[in-house]
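Participant: No letters, just coordinates:
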């Protein structure tokens, strides 16, 4: 399967703990996006990468959140000192670079559902 | 700035009936528009998209949508509903200019199919 994959699919943690999620994009895609989806809402943009460079961060991404894409392939999203309000589905998407491709559709992974107790 | 309004958080239709899910958008520049479907505990799957050209776009599973600039709408339709269409549907918008490709989603419409 060459789609976007995310790991883990589910994570339950206690308030105050740190968690890290991984996203593996479609192999030829150099754009990678993170979104957050809370219950009953649509996904909200968090941040995105062009290769290894993080180009934009939403104001939703507080100082407790950090994302990396060290080699321009997979990405990690870390949340430090988790709070109950962090409970959500964290979605990753990837696409081709729109400046060089007319097909820049974002393809989504299955998501990581985080529950903070 | 962009925004999306999906009218009706829940829509129920009988199997075989017309499906109509409404989406209105706001965008300061010409938009690209998308419909995604989400099944329980899964990610988003692209149904169809409008970028340029023909305003009536056809997608997977028999869905189609029409971009109406004058009405700032991009409603999703399917002539005959199937039980497998039961899911959550999200309309999304992004600007057409480079350097600003993040998607802005609506709050979603949950579609229920009545046997």
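Facilitator: The structure has been received and is ready for your questions. Bear in mind the structure is a predicted one, so any value in this text is a computation, not a measurement. Residues are numbered from 1 along each chain as shown, chains lettered A, B, ... in the order given.

Participant: shaky segments in chain A?
Facilitator: A:1, A:101-103 (pLDDT under 70).

Participant: now the strands for it?
Facilitator: A:5-7, A:10-13, A:19-24, A:31-37, A:44-50, A:53-57, A:65-68, A:75-79, A:88-95, A:107-108, A:112-116 (DSSP state E).

Participant: Residue B:51: which of the ones you listed is closest?
Facilitator: Nearest to residue B:51 among those is strand A:88-95; the distance by Cβ to Cβ comes to 13.1 Å. Every residue, glycine included, has its C-beta placed from N, CA and C.

Participant: Give me the residue at the spatial middle of the chain.
Facilitator: With no chain named, the answer covers chain A. residue A:34 (3.0 Å; Cα atoms, centre = their mean).

Participant: meant chain B, my bad for not saying
Facilitator: Most central in chain B (Cα atoms, centre = their mean) works out to residue B:35, at 3.3 Å.

Participant: ok, it touching residue B:44?
Facilitator: No: shown here, residue B:35 and residue B:44 do not form a contact pair, counting by Cβ atoms under 8 Å, at 10.0 Å.

Participant: Mutual contacts of these two, please.
Facilitator: residue B:90 (Cβ atoms under 8 Å, 6 or more residues apart in numbering or on different chains).

Participant: ok, now which ones touch the residue in chain B positioned nearest to chain A?
Facilitator: The nearest approach of chain B to chain A comes at residue B:105, 3.2 Å away (Cβ to the nearest Cβ). Counting by Cβ under 8 Å, 6+ apart, residue B:105 touches A:42-44, B:4, B:36, B:90-92.

Participant: Please work out how many residues are found near residue 115.
Facilitator: No chain in the question, so chain A it is. Per other Cβ atoms under 10 Å in any protein chain shown, the neighbour tally for residue A:115 reads 13.

Participant: should've been chain B
Facilitator: Residue B:115 has 6 nearby residues by other Cβ under 10 Å.

Participant: What of residue A:82?
Facilitator: When neighbours are counted by other Cβ under 10 Å, residue A:82 comes out with 21.

Participant: Repeat that for the one 5 residues further on.
Facilitator: As a burial measure, residue A:87 scores 16 neighbours (other Cβ under 10 Å).

Participant: In space, what's closest to it - neighbours in sequence excluded?
Facilitator: Computed as Cβ to Cβ, 6 or more residues apart in numbering or on different chains, the closest residue to residue A:87 that is not its neighbour in sequence is residue A:116, at 4.9 Å.

Participant: State the phi and psi torsions of whatever residue of chain A ends up closest to chain B.
Facilitator: Closest residue of chain A to chain B, Cβ to the nearest Cβ: residue A:42 (3.2 Å). Here is the backbone geometry of residue A:42 (degrees, to the nearest 10): phi -80, psi 160.
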